[in-house]
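Peer 1: got a predicted model here, sequence first, then my questions.
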Amino acid sequence: GENVEQHPSTLSVQEGDSAVIKCTYSDSASNYFPWYKQELGKRPQLIIDIRSNVGEKKDQRIAVTLNKTAKHFSLHITETQPEDSAVYFCAASRGQNFVFGPGTRLSVLP
Amino acid sequence: KAGVTQTPRYLIKTRGQQVTLSCSPISGHRSVSWYQQTPGQGLQFLFEYFSETQRNKGNFPGRFSGRQFSNSRSEMNVSTLELGDSALYLCASSLERGTYEQYFGPGTRLTVT
């Protein structure tokens, strides 16, 4: 079955710097790759996603890149702000069968 | 549009008991998935229902079961509770019409003592 790895497990950056989180997946049939942000005590929120027929997608300060050949995708956050502090989860799916990475705890230091 | 709702939000049960959790998807969403979230194991997929049928199943014992009703509301049941079942149970709904985006509910925090 699908296996998703996520690195790093924790990440601390200074406010204004960029943050990059990388995920790798094992099933070449996976075709949808969402990223979720989960603040403490809250539900995971979908922040950006990418499909396998697209290499890059951007939404304001957030971007996701996908390398299907290498089976990895990355989340890029630019100009980080304290409110970006949260746990970020990547996932790989084929249809509605989602496999999540273990999460990255991002801390943005003021 | 109202988001995904889950009831109850918090639950305390004793080992050996059973529990039923409920999830109401976003209006028009027909797919409902359930996840178990624990600090050590992250988000683990339990099962997915679409049109009242279980379409996908994760690697959980048979004590975990679910169902979906004709209005797309879903319930999951855990029988013979164990201490290790303490977790946040999240459901997520999806439109399932050319799109895969899943939207999560607030979760039910289950504590087994």
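Peer 2: Here it is on my side, so go on.

Peer 1: give me the pLDDT value at the spatially most central residue of chain B.
Peer 2: The centroid of chain B falls nearest to B:Trp34 when counting by CA atoms, centre = their mean (3.3 Å). We have a pLDDT of 97 for B:Trp34.

Peer 1: same check, this time on the one 3 residues further on
Peer 2: At B:Gln37, the model reports a pLDDT of 96.

Peer 1: check the one 10 residues further on too.
Peer 2: According to the predicted model, the pLDDT of B:Phe47 comes to 93.

Peer 1: quick one: contacts for the closest residue to it other than its chain neighbours?
Peer 2: Spatial nearest neighbour of B:Phe47, excluding adjacent residues (CB to CB, 6 or more residues apart in numbering or on different chains): B:Lys57 at 4.8 Å. Placement of C-beta: from N, CA and C, glycine included. Listed by CB atoms under 8 Å, 6 or more residues apart in numbering or on different chains, the contact set of B:Lys57 reads B:Leu46, B:Phe47, B:Glu48.

Peer 1: quick check: end-to-end length of stretch B:13-20?
Peer 2: The straight-line separation of the ends of stretch B:13-20 (CA to CA, to the nearest Å) is 11 Å.

Peer 1: chain center to that stretch: distance?
Peer 2: 16 Å (CA atoms, centre = their mean, to the nearest Å).

Peer 1: contacts for stretch A:88-98, please.
Peer 2: When contacts are defined by CB under 8 Å, 6+ apart, stretch A:88-98 is touched by residues A:2, A:4, A:6, A:21, A:23, A:25, A:27, A:29-38, A:44, A:47, A:73, A:75, A:99-101, A:103-104, A:106, B:31, B:33, B:42-43, B:45, B:48, B:50, B:55-56, B:94, B:96, B:100, B:102.

Peer 1: partners of the helix or strand bottoming out on mean pLDDT in chain A, with directions?
Peer 2: When the helices and strands of chain A are scored by mean pLDDT, DSSP states H and E, strand A:97-100 comes last with a mean of 90. Partners of strand A:97-100 in the sheet, by DSSP bridges, are strand A:86-94 (antiparallel).

Peer 1: so where is chain B shaky, pLDDT-wise?
Peer 2: By pLDDT under 70, the low-scoring segments of chain B are B:1, B:97-99.

Peer 1: count the residues that sit near B:Thr38.
Peer 2: Residues contacting B:Thr38 under the criterion other CB atoms under 10 Å in any protein chain shown number 13.
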